[in-house]
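Q: sequence plus predicted model, see below.
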Amino acid sequence: MGYIFLGEAGVPGREYVRRRSVHSINLAVVAWDSPLWWEGLHLRDYLRSNPEAAEAYGRAKTRAWEEGARTLLAYRRTKGLTVARRRVFIV
C-alpha cells in the first residue's frame, strides 16, 4: 500500500506511518481505549466545541510548518510547544 513505518517517534504507545503520493498521508495509530486514544478524543471534542481554540490550534500547526519543522519529530515538538505555551486546550 506504500506506507512507511516510522515507529513510535518519541511517543510511547503511538505508532506512525506515512505515505507520500499525490495525496500524502500521515497516520498515528494507538490502541483502542488506551490513554492516548482518550486524549485524542478529548482534544477533538474540545476543539469542536471551542472554535477559537480550534483556530489557535490550526495556526500553531501552520506556524510549525512555516518555521521549518519538516520532520515528524520537529513538527510535533514545535506544534506541541506552541500549543502548551499558549494553553490552547485542556485535556
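A: Noted; the coordinates are in hand.

Q: what helix or strand does the residue positioned nearest the centre of the chain sit in?
A: By CA atoms, centre = their mean, the chain has its centre lying nearest to R76, at 6.3 Å. Secondary structure assigned from DSSP states H and E places R76 in helix 72-86.

Q: what do you get for H23?
A: H23 belongs to no helix or strand when elements are defined using DSSP H and E.

Q: tell me how many other residues surround it.
A: Burial of H23 is recorded as 6 neighbouring residues (other CB atoms under 10 Å). C-beta coordinates here come from the backbone N, C-alpha and C atoms, glycine included.

Q: any idea how far P35 is from G7?
A: Here G7 is placed at a distance of 19 Å from P35 (CB to CB, to the nearest Å).

Q: still on that earlier bit, wait, the residue nearest to the centre of the chain touches G10, no?
A: Yes. When contacts are counted by CB atoms under 8 Å, R76 is listed as touching G10 (7.0 Å).

Q: could I get the full set of strands for the protein?
A: Using DSSP state E, the strands of the chain run over 4-7, 14-19, 25-30.

Q: could you dump those strands into a markdown table with mean pLDDT added?
A: What follows is those, written out as a markdown table (pLDDT from 0 to 100):
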| stretch | mean pLDDT |
| --- | --- |
| strand 4-7 | 93 |
| strand 14-19 | 92 |
| strand 25-30 | 90 |
